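Colleague: for reference, the sequence and a predicted model appear below.
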Protein chains: 4
Amino acid sequence: MPQHHWILSFVCDDMPGIVNAISGAIVDCGGNITESQQFASSNGRFFMRLQVEADAPRADFEARLTQVGERHQMEWQLDDVGRPLRTLVLGSTAKHCVSDLLFRQREGQLPIDVPLVLSNHESLSRIADFYDVPFEHRPVMTAEEKQAMEARILELVDQHDIELVVLARYMQILSEDLCRALEGRAINIHHSFLPGFKGANPYRQAHDRGVKLIGATAHFVTPDLDEGPIIEQNVTRVDHSHSPAQLQHIGQDVESQTLTRAVRWFAEHRVLLDGDRTVIFR
Amino acid sequence: MPQHHWILSFVCDDMPGIVNAISGAIVDCGGNITESQQFASSNGRFFMRLQVEADAPRADFEARLTQVGERHQMEWQLDDVGRPLRTLVLGSTAKHCVSDLLFRQREGQLPIDVPLVLSNHESLSRIADFYDVPFEHRPVMTAEEKQAMEARILELVDQHDIELVVLARYMQILSEDLCRALEGRAINIHHSFLPGFKGANPYRQAHDRGVKLIGATAHFVTPDLDEGPIIEQNVTRVDHSHSPAQLQHIGQDVESQTLTRAVRWFAEHRVLLDGDRTVIFR
Amino acid sequence: MPQHHWILSFVCDDMPGIVNAISGAIVDCGGNITESQQFASSNGRFFMRLQVEADAPRADFEARLTQVGERHQMEWQLDDVGRPLRTLVLGSTAKHCVSDLLFRQREGQLPIDVPLVLSNHESLSRIADFYDVPFEHRPVMTAEEKQAMEARILELVDQHDIELVVLARYMQILSEDLCRALEGRAINIHHSFLPGFKGANPYRQAHDRGVKLIGATAHFVTPDLDEGPIIEQNVTRVDHSHSPAQLQHIGQDVESQTLTRAVRWFAEHRVLLDGDRTVIFR
Amino acid sequence: MPQHHWILSFVCDDMPGIVNAISGAIVDCGGNITESQQFASSNGRFFMRLQVEADAPRADFEARLTQVGERHQMEWQLDDVGRPLRTLVLGSTAKHCVSDLLFRQREGQLPIDVPLVLSNHESLSRIADFYDVPFEHRPVMTAEEKQAMEARILELVDQHDIELVVLARYMQILSEDLCRALEGRAINIHHSFLPGFKGANPYRQAHDRGVKLIGATAHFVTPDLDEGPIIEQNVTRVDHSHSPAQLQHIGQDVESQTLTRAVRWFAEHRVLLDGDRTVIFR
């Protein structure tokens, strides 16, 4: 067994020779590529993710990557395969997404490490207890409370060295400042319909229009509400016999599955940003 | 083998005793129920579709249905299982939907009988020839031509006793009058995205937003453009590597599959209208 | 809101007039049919499942059903919608199926009531504790122990008035006597491949043959090992890159999903036996 | 637009430096990698498929590949993206697979070029005519006729420089000699069930066992009947209401879809052999 199993991901301008340069760096450290995916975007950017086994010290590999990276002006990232990502979970009243994340963390099915669930409602405390995850409740009824909550989020991100913030049906609009502070490391989930519905009670509207599919979208948080780069989408089939309440239950299942997949891919460094789009190396 | 195999479908106000009354009529004619589906809508309407085998003359069964139907104020319809529906196909330049419909008609996989393909472009003539279906071309560039085309549609509907008009990527907005004249017997197909996109070149927009699913919706034609009762929806998975042109090809596959399913269900009397919604007895 | 919401399911010989007779009984009690499915088997048997809302006392409805049932020699069953089924779970070392059942029971997603998990290994005790379900361990290494375990199973079935026994990867072959004693109320899960593999380590064999799908089958327990009437089957896509261990993990997910679906349908009286086949009213 | 768009695929022993060597050859010819997939098998073999755009003459690139290939003892193959594969189709009485292949060839959806359909029954002649593909019929009732047919197959392979032989429900067992002669370039399709069924009329057996899934497997032809390396598998859901004849129709749809996918992947050089397994670079 080799000493290390790394994930290397990087982005740079597309040009001939990149793969050759990176594979050269890997050869120099006696590394072996166990997984490799690449994508050249139509906007001229090149994305790559590799898994590399090697016995060389990490510092040696990083030194070689720094050389190659400077030459090609790469943004690169090196991590250990399987390392749990420090993840802050924000919740509200809905239990399904938080429950699925904590269940899978506990079962060892999801490489995240959640130091805290932070919520604007008490209702999630029992689930957090059940999974032995600390829980903190802060009401967000007033503008002051909202400001305090956002300050607390940033404090926790700092304190726990948080790499990912998951809005697990958090239901609060983040301020533009907070969106920017968490750019590229906060994931939100929302329901999605064909056609889309605006306004309150979308499941009632979906019922009244007789939709045959309901779905969910996981995306990065940006100041444009529900318009950040899409990470994952899923739908499930429904029919005329489903009540609005049943549609909602079915929709929640899709939401939690979709959010969990997005979190897994992010935690495994399979999600790279390409402007308003994502490159997903599944 | 029994002499007849009928499809009976009906709608009426929901109340105790309907199933009992209908099944009584069937018993009286020595009929046997081979398939049965029902649905009670939350708005108080009751929908049912049955397949019935019987040796009794059709007139006898219709007489009994008339009695029951009057008592319960049913709108009912009786047809033979497998009878091809007289179907007018409207097309434009895109080939995929027309091609799939005619291919399946020819293979005996779709119970429709298409006496004519009517199109505002010449491009579909070769496909129609290939499948031995008459083809008629009428340009629709001016307001007069549009009016003439709509008159021609109604003329053909009348002349061929058309039961279903399929807008197979017809790409023309029907006038409100024509929509009303064809209400409940014209089906349209359009692409669908999560989130929805307005305006030109939706596949380009879908690409730029990095959507992970693209889909299609088949719906009844109403004066509200693309807002008629939904019959069927499907999506397929795409990823960052698909170009706008590839998205379009994939989307076209979903469109033709979705339209063909909607046409099949309609031709088999599996589609019942419930206000703005459909009840689909698959 | 009506006083009662019942599930009525029955089987009898197919003949004209059954639906009429049953719907007559429902009308007599002022009941309303909210869901209805039926099937006439090619072997001449007729199966039906209805959900009925009514205000009449249950005894009245049962009296009417008894009349109709005697006339048509029906085997019928009446239950309340949503009543949890008393379910005994048998496990061994594998956690995935037991974990999913108990998780969904606890979340209120599965209408079962598990009084006990009985296992031939200690390994499941932590999961049972976690979900506050009593756990009992009995080694099954010798013929005597096996006999004692089977006696214990029957004792528990009797003591807790068990309606369903779930073999959640129990990995022990039940004696012919026990199979007969539990006929029609014991469900097993096993992995399934295309092509099928005999013998030890099927995931290794599946890997070596490069299968593209792996699946699971939930079926009734019969003396013919793994050959009882099939309730549900699912597959998932795999590829050349999956190791035997990964195939096993993926297979376990399919197993637990498939078993949970079969248990749900059984608990909702959607599973009816038709000789060696099942009729599933989903 | 670059002058060339190539598909390069190769297999060699796994060792550090392969990717670096190949990407070096590409850089030397000014090529750019537009698609790349790789796999290191647990048996020590390394598989890779790349798409490369370049302006350099093909001979130059081949010269560089020959150097690298010799150093690493690669078996490599270079082709133009989109070049239709010369494909011989063998059929019998069933129309569905042949029809789908010819339809998609004609629609430009499948990169194959079929010079002839060869069949042991006349029934396919109308389909071949319809798609303007030459048709040849040879009865295979006697041992002599079988031998003559196999000789004819080899003659046609030779005459048309055939790269792929597709057994589109050919229903004849090929001799061991012919299997060897076509090794790695003949694809067969057969139905697949969970559990598997031996003997005649498998759809009847599947019906009697009440299977919930029916499927199909496309695989390379080997002397071991139906046991060659698997290329693609699919299943579709069925239920108790399907008759054996309906199961067969549904099964045929799965068969033709599965065969067409396997043929597409082979024609795009996405199918590499790894002993008894396949590596599929989708």
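Modeller: Received, thanks. As the structure is a prediction and not an experimental result, all values here were calculated from the model.
Colleague: wait, A:Lys95 sits on A:Leu124?
Modeller: Yes - in this structure, A:Lys95 is within contact of A:Leu124 by Cβ atoms under 8 Å, at 6.5 Å. Glycine gets a C-beta too; all of them are placed from N, C-alpha and C.
Colleague: show me which of the two is the more surrounded one.
Modeller: A:Leu124 (26 against 18; other Cβ atoms under 10 Å in any protein chain shown).
Colleague: how about the nearest residue to that one once chain neighbours are set aside, phi and psi?
Modeller: With sequence-adjacent residues excluded and distances taken as Cβ to Cβ, 6 or more residues apart in numbering or on different chains, A:Leu124 is closest to A:Gly91, at 4.8 Å. Dihedral pair for A:Gly91: phi -130, psi 180, per degrees, to the nearest 10.
Colleague: quick one, what contacts A:Gly91?
Modeller: Contacts were defined as Cβ atoms under 8 Å, 6 or more residues apart in numbering or on different chains; by that measure A:Gly91 touches A:97-98, A:117-119, A:121, A:124, A:168-170.
Colleague: that one bridge partners, please.
Modeller: Beta-bridge pairing for A:Gly91 (DSSP bridges): A:Ser119.
Colleague: quick one, helices of the stretch 151-282 of chain A?
Modeller: Remark: helices assigned in the stretch 151-282 of chain A by DSSP state H, counting those that start in this stretch are A:176-181, A:202-209, A:244-267.
Colleague: got TSV for the ones you listed, with mean neighbour count, mean pLDDT and distance to C:Arg237 too?
Modeller: Below are those laid out as TSV (neighbours: other Cβ atoms under 10 Å in any protein chain shown; pLDDT from 0 to 100; distance: least, Cβ to Cβ, whole Å):
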stretch	mean neighbour count	mean pLDDT	distance to C:Arg237
helix A:176-181	15	96	37
helix A:202-209	20	90	29
helix A:244-267	21	94	15
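Colleague: can I get these in a markdown table with distance to chain C?
Modeller: Below are the helices of the stretch 151-282 of chain A laid out as a markdown table (distance: least, Cβ to the nearest Cβ, whole Å):
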| stretch | distance to chain C |
| --- | --- |
| helix A:176-181 | 32 |
| helix A:202-209 | 17 |
| helix A:244-267 | 9 |
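Colleague: wait, which of these is closest to chain D?
Modeller: Ranking those by proximity to chain D (Cβ to the nearest Cβ) places helix A:244-267 first, at 18.1 Å.
Colleague: what about that closest one, near chain B?
Modeller: No - Helix A:244-267 lies out of reach of chain B by Cβ under 8 Å from any Cβ of the partner chain, never closer than 8.9 Å.
Colleague: between helix A:202-209 and that helix, find me the angle.
Modeller: Counting by axes from the mean of the first three to the mean of the last three Cα atoms, to 10 degrees, helix A:244-267 points 120 degrees away from the direction of helix A:202-209.
Colleague: so which elements touch helix A:244-267?
Modeller: Helix A:244-267 is packed against strand A:85-91, helix A:96-106, strand A:164-167, strand A:186-193, helix A:202-209, strand A:213-220, strand A:230-237, with contacts defined by 3 or more Cβ pairs under 8 Å, 6 or more residues apart in numbering or on different chains; DSSP states H and E.
Colleague: what pairs with the last one, parallel or antiparallel?
Modeller: Going back to what we said before, that points to strand A:230-237. Strands that pair with strand A:230-237, judged by DSSP bridges, come out as strand A:213-220 (antiparallel).
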